[in-house]
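Q: starting from these lines, generate the structure:
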Amino acid sequence: MKPYFKQTLAVRYFGLSKIPLILFVRPSVLHLNDEQCVIRIKLKRRTRNHLMSMYFGALAVGADLAGGLLAMQMISRSKRKISLVFKDMQADFLKRVDADAIFTCTDGKKIEALIQKVIKTGERQHASLNIQVTSPEKYGDEILANFSLTLSLKEKEATAP
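A: Numbering: from 1, shown residues only. This is a model prediction of the structure:
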């Protein structure tokens, strides 16, 4: 997969302006649509640990981006002011990630339903997103890690003029 140039630049700008750690790991957006987001973080000096595999922090950034970017895109399309935060995270590391990591979140429909629930109820709502980590160049389709992040959304209150 070739990177989505425009979305990759947007993610890196977001890192530069809001969360410098995102920019530091230099993620690339490989795919982004209504149903899924695919992010790549290359295994380089900045992202690896002393065992020459991907550092936990870099893996967490990739998982955060795969779920967060998908949610941000859908929130933007809703034309509503909805705040996004991840409430918690569960990670299962099945094998060392010792090559470029691909993070895939396919929970677009779940996120869309969550946004509609937030709009309908006006209350904070939560949903668990699943992100799988693979390294196709070395391990094919084998899943190397699974992340579960709880997405928490709430519509921002309108401010008086």
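Q: just the helices in the chain please.
A: Applying DSSP state H to the chain gives helices spanning 5-17, 20-25, 56-78, 108-121, 136-139.
Q: so Tyr86 versus Lys95, what's the distance?
A: Just to correct that, residue 86 is Phe rather than Tyr. Distance of Phe86 to Lys95, computed by C-beta to C-beta, to the nearest Å: 24 Å. From N, CA and C alone the C-beta is placed, and that goes for glycine too.
Q: neighbour count for those two, which is higher?
A: The residue with more neighbours, out of Phe86 and Lys95, is Phe86; 17 against 13, by other C-beta atoms under 10 Å.
Q: residue contacts, the spatially closest residue to the more buried one that is not a sequence neighbour?
A: Leaving aside its sequence neighbours, Phe86 sits nearest to Leu149 (C-beta to C-beta, 6 or more residues apart in numbering; 4.8 Å). By C-beta atoms under 8 Å, 6 or more residues apart in numbering, Leu149 lies in contact with Ala63, Asp64, Gly67, Phe86, Asp88, Met89, Gln90, Ser128, Leu129, Ile131.
Q: now, which of the residues you listed lie within strands?
A: Among the contacts of Leu149, the members found in strands (DSSP state E) are Phe86, Asp88, Met89, Gln90, Ser128, Leu129, Ile131.
Q: show me what contacts the first one?
A: It refers to Phe86. Asp64, Gly67, Gly68, Leu149, Thr150, Leu151, Ser152.
Q: not counting sequence-adjacent ones, nearest residue to Lys110?
A: Lys110 sits nearest to Ala127 (C-beta to C-beta, 6+ apart), 5.5 Å away.
Q: Lys109 is in contact with that neighbour, correct?
A: No: the criterion here is C-beta atoms under 8 Å, and Ala127 misses it with Lys109 at 10.6 Å.
Q: ok, those two, which is more surrounded?
A: Neighbours were counted for Ala127 and for Lys109 using other C-beta under 10 Å; Ala127 has more, 19 against 10.
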